[in-house]
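Novice: Sequence first, predicted coordinates after that:
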Amino acid sequence: MVNPTRGVLYPARLPQFHRLPPTDAARELVVWFWVPEWDVEPGRSSRQEVVGYPALNLVVEPDAVTLSGATTRSSHRDLRGTSWAVGAMLRPAAVAALVDDPSSLVDGERVLDEPELRAAVVAAMSSGEGHRERAVDAFSAWIAARVGEPGDVALQANTLVDVLLGESAATSPEEAATRLAVSVRTLQRLAHRYVGLSPAAMIRRRRLQDAAERLRVGPGADLAALAAELGYADHAHLTRDFRSVLGIAPRTYRADAAD
C-alpha cells in the first residue's frame, strides 16, 4: 500500500488527514479520496506543503468545487479557522469528462459549477460519525454517473499511469512504451490528453517523491547511494532536482522534516 502521506513534505504538521478508497463504481476513475479536517486557533494559520502526484484532483469544500491540474513544482496552502475538504485524486479515465485540455490546468485550478456534488458532500460531511465514508460514497456515485463507463482508450491511459507510477514503475518513456506495446509517440499523446504532462515529467515527479519520502523516513541514508538507487545520474543531479522543484537542497529538507 502507498504511504498515506506520500507527497506531503512535512507529515508531522498535517491536520487530521485520511485517505480512503473509492467504491467499486468509481475504482477506474479515482485513485483515492483524501480528506483533511482542521481546527486552527483564531489568528493563526497552518501551512501545508506538498509535492503533488502527476494527476488531476477534484476537490469539494463547503463553498466550492475545484478542479486542480497536475503540478510541476511544490505547492502550499495556509489553513485557517475550522473546515474540511474532500478531494478525489483522479485516474486518467475520469479526466476527459471534466476538462478538454488538462495541460491548460498544469500548476493551476478551475472552479466548477457542480452544485449537486457540493450539496451531497456537504450533507455527508455534516452527518456525524462515519461522515468521511458517507462523503466518499456520495462522491463516488456522482463521478461514476458523471463520467459513465470508460472506453478502451481511457482504460489504456489508466494503465499508462500504473506503468509510470505504480510498483516496479518504468524508468523511462521507452520502457513504458515497450510494456504497453505502443510507440513512444502514442504514449506521449495519451499522457498529454489524460494528464497534461509528458511521460518524462511524470517519471521525474515520481522519482522526486520517492527521494523525499526516503530522506524523511531514513534520515541516515547516504545521498549518493540514494541518488544511484532512484536512477539519478549522481548526487548533484538529485540536488538539482530538489532545488528546482522544492527550492531547497536534500540535506536541508532532511533536517527540516526531522523537526
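Specialist: Nice, I can see it. Only a predicted model underlies this, so the values are computations on that prediction, with no experimental measurement involved.
Novice: only C-alpha atoms for contact and neighbour calcs from this point on.
Specialist: Noted.
Novice: and the longest helix for the protein?
Specialist: helix 199-217 (DSSP state H).
Novice: Contacts for that one, please.
Specialist: 6-7, 9, 51, 53-54, 72, 164-165, 170-173, 187-188, 191, 221, 226-227, 230-231, 241-242, 250, 254, 257-258 (C-alpha atoms under 8 Å, 6 or more residues apart in numbering).
Novice: From these, list the buried ones, please.
Specialist: 6-7, 9, 51, 53-54, 72, 164-165, 170-171, 173, 187-188, 191, 226-227, 230, 241-242, 250, 254, 257 (16 or more other C-alpha atoms under 10 Å).
Novice: Just the ones of those residues in helices?
Specialist: Among the buried ones among the contacts of helix 199-217, the residues falling in helices (DSSP H) are 164-165, 173, 187-188, 191, 226-227, 241-242, 250, 254, 257.
Novice: Just flag the most distant two among those.
Specialist: Across those, the longest distance by C-alpha to C-alpha is 35.7 Å; it joins L187 and A257.
Novice: got the buried residues for stretch 154-169?
Specialist: Result for stretch 154-169 [16+ other C-alpha under 10 Å]: buried residues 154-165, 169.
Novice: give me the element V59 is part of.
Specialist: Assessed by DSSP states H and E, V59 sits inside strand 57-61.
Novice: Report the inter-axis angle for the next helix or strand after that strand versus strand 57-61.
Specialist: Remark: after strand 57-61, the chain's next helix or strand is strand 64-68, criterion DSSP H and E. Orientation check (axes from the mean of the first three to the mean of the last three C-alpha atoms, to 10 degrees): strand 64-68 against strand 57-61 gives 160 degrees.
Novice: Check which helices and strands the helix or strand following strand 64-68 is in contact with.
Specialist: The helix or strand immediately downstream of strand 64-68 is strand 75-79, counting by DSSP H and E. Contacts defined by 3 or more C-alpha pairs under 8 Å, 6 or more residues apart in numbering; DSSP states H and E place strand 75-79 against strand 46-50.
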